[in-house]
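all I have is the shape, not the residue letters:
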């Protein structure tokens, strides 16, 4: 099933009209918020799940608009790839975010992943803040409770609710719309409730030189992301070959440019990630070369229907083998791209192309776990309406080919066997998807053998 992302995201923007809307923030100010996302247990006691830190550099705050460079560091329950952990937040005079998506954390849970937006640092307009004041923003209705102390800070406490009840509480500086702390009820998966909490942990002012260097560092990283042509909020950490080459050229220069401040740690993560992915790419290239042009390894595997397939008999037809290790729960997009393989099968089966989905799961070899594992495969087959046959590999077949997971990669693995029974195509990981042709690279490999 598709992961449902439901989040009570608080959009906090600058009001250009009331006197209290002057933030007293100067360009070069650095705000650091610390927060958590916690699952709410039935006894209503939060269970710690994720911690995060949001750093914002103030670039501009005026009546006509505001800009902040931001950086998120998160621990526990998943995390964004490093390239998604920074950005620029722009707020316009109409009190709406403009341009790129703002800061968020990526949350792993039982049914997949959810994007949880983090609050911007300024409160939405509304009336002048006095006890009892009310206003609406989208589907939320806000009420100013009263002046409250949050730690040592004098704040206005504001409650927000919608048709489903209370959803958030925000503490605002009494002399400006600066957010001091906030709490949100957040719903993920099939309605599981979490709580997001954050507070302003520190606030300081950079020197002119520090500000110039930090702004330049953010600008260089944002420019690099544009060059990489990576869609916003891409959750996969993997780089294509041309992207790795670009990063190999760019990261050493950035490391020389960015030597202090919050971006230094991010660059270390980027450099380590690049080294790891480059080593993995080299190992996968060697694995591919070891298989291409070789006869398919001889192994007998059971089918989901209870029969068996002898792999040595994969001759006289073009055969596509799709090895995947996706379980029925959680089902995560793109489900090993099984749906696109079904599309390819429907397109080419009249030409004699055979497709087999190979479920890879060590539980098939364990008597006490085999039935449950097979049930999971049946659920996926039914959920995705697959018509091509499925095979059950306890690990023997993929080990003989060379399991990509042994070098740090992930399934799926796609193998195309030609009419002579030799491996003509070997691809680890998901493909780029073409709107017309689906898995275009795989489709092209099949068409080439049919000529």
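Right, received. Where do you want to start? Just so you know, these numbers come straight off a predicted model, no measurement behind them. Residues are numbered from 1 along each chain as shown.

ends of stretch 345-363, how far apart?
28 Å (Cα to Cα, to the nearest Å).

need the contact list for the closest residue to residue 361 other than its chain neighbours.
The shortest distance from residue 361 to any non-neighbouring residue, by Cβ to Cβ, 6 or more residues apart in numbering, is to residue 373 (4.9 Å). Where C-beta positions appear, they are placed from N, C-alpha and C, glycine not excepted. By Cβ atoms under 8 Å, 6 or more residues apart in numbering, the contact set of residue 373 is 361, 363, 364, 392.

mind redoing it with 10 Å?
327, 328, 359, 361, 362, 363, 364, 365, 366, 392, 394 (Cβ atoms under 10 Å, 6 or more residues apart in numbering).

after the one helix or strand the third one maps to, which helix or strand is next?
Using DSSP states H and E, the secondary-structure element containing residue 359 is strand 354-360. Tracing the chain C-terminally past strand 354-360 and defining elements by DSSP H and E, one meets helix 367-383 next.

may I see the buried residues of that next one?
373, 374, 376, 377, 380, 381 (16 or more other Cβ atoms under 10 Å).

doesn't residue 193 make contact with residue 49?
No - using Cβ atoms under 10 Å, residue 49 makes no contact with residue 193, being 11.8 Å away.

shared neighbours of the two, anything?
Counting by Cβ under 10 Å, 6+ apart, the contacts common to residue 49 and residue 193 are 38, 39.

who has more neighbours, the two?
Neighbour count, other Cβ atoms under 10 Å: between residue 49 and residue 193, residue 49 has more, with 17 against 14.

can you list the strands that the helix or strand hosting the more buried one pairs with?
Residue 49 belongs to strand 46-62 when assigned by DSSP H and E. Paired strands of strand 46-62, with direction, are strand 29-40 (antiparallel), strand 65-75 (antiparallel) (DSSP bridges).

who wins for proximity to residue 386 among those?
With Cβ to Cβ as the measure, strand 29-40 is the member of those nearest residue 386 (33.4 Å).

do a quick rundown of the helices in the stretch 151-300 of the chain.
Ranges of helices within the stretch 151-300 of the chain are 208-228, 241-257, 263-291, based on DSSP state H, counting those that start in this stretch.

quick one, which of those gets closest to residue 82.
With Cβ to Cβ as the criterion, residue 82 lies closest to helix 263-291 of the helices of the stretch 151-300 of the chain, at 4.7 Å.

list the helices and strands the closest one packs on?
On a contact count with 3 or more Cβ pairs under 10 Å, 6 or more residues apart in numbering; DSSP states H and E, helix 263-291 meets strand 65-75, helix 208-228, helix 241-257, helix 396-401, strand 413-417, strand 423-428.

go through the ones you listed and pick out the most buried.
Greatest average neighbour count among those goes to strand 413-417 (a mean of 23), per mean count of other Cβ atoms under 10 Å.

relative to strand 423-428, how tilted is that strand?
Angle of strand 413-417 versus strand 423-428, following axes from the mean of the first three to the mean of the last three Cα atoms, to 10 degrees, is 170 degrees.

what's in contact with stretch 152-159?
20, 123-124, 126, 129-131, 133-135, 141-150, 166-175, 177-182, 199-200.

can you give me the buried ones in it?
Buried-residue list, stretch 152-159, by 16+ other Cβ under 10 Å: 153, 155, 156, 157, 158.

equivalent analysis for stretch 165-178, please.
Residues of stretch 165-178 classed as buried: 167, 168, 169, 170, 171, 172, 173, 176, 177, 178 (neighbour count, 16+ other Cβ under 10 Å).

could you break the chain into its assigned domains?
Taking automatic domain parsing as the domain assignment, the ranges for the chain are 5-205, 232-290, 300-450.

make CSV out of those and add distance to residue 218.
Putting the domains of the chain into CSV (distance: least, Cβ to Cβ, whole Å) gives the following:
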stretch, distance to residue 218
domain 5-205, 4
domain 232-290, 7
domain 300-450, 29
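
worst mean pLDDT among these?
Comparing mean pLDDT over the domains of the chain, the weakest stretch is domain 5-205, at a mean of 83.

nearest spatial neighbour of the residue of the chain most remote from its centre, chain-adjacent residues omitted?
Distance from the centre of the chain peaks at residue 316, with 41.9 Å (Cα atoms, centre = their mean). Computed as Cβ to Cβ, 6+ apart, the closest residue to residue 316 that is not its neighbour in sequence is residue 419, at 5.7 Å.

residue contacts, the one you found?
Contacts for residue 419 were tallied using Cβ under 10 Å, 6+ apart; they are 314, 315, 316, 317, 318, 319, 352, 449, 450.
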